[in-house]
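K.L.:
this is the structure alone, sequence omitted:
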């Protein structure tokens, strides 16, 4: 893929996330993650699915980026729950089988992976959003435990935390995303959704979210 097209996907994905309300900046009244981390940004990419005309663009960008990875995948695996709809559409577009990965149930077959995944198949794992990367890497390991070969994970967004990068590196799984925290912040600043002071605050958070929370980084 030409670098200009890759940059267009980053910027247009950011535009779609803002237009659908999937990304919110609230530096003056931070959100609280389930981990207890305070955050001036919140990504809820599920909202995009409420806008089919716009989500079609995200589907197209997933397909373009998946092809750009250049790997001969045998199947697409969506991570439950938010990665499932994106992964299913991508599998249809690429004419590949589809499966999804979840926490295994305690009854029935007790399988963590449902759908068409055969041992030895190369799987592209599709996620919705990456924060710490913990649950996403756990999903990758479940696919591997089921016999799949996973070397790539593709998601819509990432907060670009060093913690997540380290987890994917340790798991020997490359992470690619349609857009990222840096692009979202740049988009918000250019459209005056964030003041210079708010931009500085948000960037400080991204560098050290736990420290930012504990130091009372929010005003």
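P.N.:
Yes, it's here. For clarity, every value in this text was computed on a predicted model and none was experimentally measured.
K.L.:
how many other residues sit next to residue 15?
P.N.:
Using other Cβ atoms under 10 Å, the number of residues around residue 15 comes to 16. C-beta here means a position set from N, CA and C on the backbone, and glycine is covered the same way.
K.L.:
and the nearest residue to residue 113 once chain neighbours are set aside, how many neighbours?
P.N.:
In this structure, residue 113 finds its nearest non-sequential neighbour in residue 146, 4.3 Å apart by Cβ to Cβ, 6 or more residues apart in numbering. Residues within reach of residue 146, counting by other Cβ under 10 Å, total 20.
K.L.:
all strands for the protein, in order.
P.N.:
Counting by DSSP state E, one finds strands in the chain at the ranges 23-25, 31-32, 38-39, 41-43, 75-79, 98-101, 113-115, 122-126, 129-130, 149-155, 157-158, 174-177.
K.L.:
can you redo the ones you listed as a markdown table with mean pLDDT, mean neighbour count and distance to residue 11?
P.N.:
Putting the strands of the chain into a markdown table (pLDDT from 0 to 100; neighbours: other Cβ atoms under 10 Å; distance: least, Cβ to Cβ, whole Å) gives the following:
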| stretch | mean pLDDT | mean neighbour count | distance to residue 11 |
| --- | --- | --- | --- |
| strand 23-25 | 96 | 20 | 13 |
| strand 31-32 | 92 | 12 | 24 |
| strand 38-39 | 92 | 22 | 23 |
| strand 41-43 | 96 | 19 | 16 |
| strand 75-79 | 98 | 27 | 25 |
| strand 98-101 | 98 | 25 | 29 |
| strand 113-115 | 95 | 19 | 33 |
| strand 122-126 | 98 | 26 | 21 |
| strand 129-130 | 97 | 23 | 18 |
| strand 149-155 | 98 | 21 | 17 |
| strand 157-158 | 98 | 25 | 13 |
| strand 174-177 | 98 | 18 | 13 |
